[in-house]
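**Student:** Have a look; sequence and predicted model below, questions after that.
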Amino acid sequence: MSARQASRLGFERELWQKGTTLVAGVDEAGCGPLAGPVVAGAVLFPHSWLETGLHSKLRGLNDSKQLTEEEREKYFKIITSHPEIRFGVATVEVEMIDRINILQAAHRAMGLALEQLQPAPQHVLVDGRPVKSLRFPNTPLVKGDCRSYSIAAASVVAKVTRDRLMQEYDRLYPGYGFAEHKGYGTPQHLAAIAAKGPCPIHRRSFSPFRPVEEEMELFNF
């Protein structure tokens, strides 16, 4: 295993060496879009990788935003089919996002994804800032999807799952371009909203449905 690979498995290895064998990574996808759910992925690698290193087919794994769609699909298949990798994925829908705000919805999705892991994690590596609502001991890592393979794997699970959902919504609600922009506020998407109005999966608590200033307050945490 190269020095870079060892470094990006470093947080997991440190915990494994201390006897914490069940270490998961968690990340979300879909906080920024104007439409669709927020999705979280959780991934738990086997602690036997302390000795063997990262599975060879995962060594190009990175933050999902740094990968092509083809690469994400490839790693998603490996992660979800590997007999020793445990994963969970959870979705929080638009109605709940509008009710409790996107930040709380993302945290809820993370907790739900982690609860699917069997056995339950002893420690969690979280992408970003602290998530106080998690019931598992955890370490927040800013830009964690670029620093931890477990978090990177979770980001891939979340991103691929959400992209597939948005492709389904594109068929249910044609004319908005959900398959292309996945709900983000592109010029194409904004033009479609102006022409057609919102559809059932648009987040009414987001601009252009509410003032941008109010929306940004949700992220001042």
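**Tutor:** Alright, I've got the coordinates. Numbering: from 1, shown residues only.

**Student:** ok now do the closest residue to Q17 other than its chain neighbours, which residues does it touch?
**Tutor:** Among residues not flanking Q17 along the chain, L50 sits closest, at 6.8 Å (Cβ to Cβ, 6 or more residues apart in numbering). For the C-beta atoms, the positions are set from N, CA and C on the backbone; glycine is no exception. Counting by Cβ atoms under 8 Å, 6 or more residues apart in numbering, L50 makes contact with R13, W16, Q17.

**Student:** The residues you listed in helices, which ones?
**Tutor:** R13, W16, Q17 (DSSP state H).

**Student:** tell me how far stretch 75-83 is from the chain's mean position?
**Tutor:** In this view, stretch 75-83 has its centroid 16 Å away from the chain centroid, taken as Cα atoms, centre = their mean, to the nearest Å.

**Student:** model confidence over it, on average?
**Tutor:** The pLDDT scores in stretch 75-83 average 98.

**Student:** go on, stretch 186-206?
**Tutor:** Predicted confidence along stretch 186-206 averages 96 (mean pLDDT).

**Student:** buried stuff in that stretch?
**Tutor:** Taking 16 or more other Cβ atoms under 10 Å as the basis for neighbour counts, the residues of stretch 186-206 that come out buried are H189, A192, I193, P198, C199, I201, H202, R203, S205, F206.

**Student:** Next, give phi and psi for A40.
**Tutor:** phi -120, psi 140 (degrees, to the nearest 10).

**Student:** Please report how far it lies from Q118.
**Tutor:** Per Cβ to Cβ, to the nearest Å, A40 is found 17 Å from Q118.
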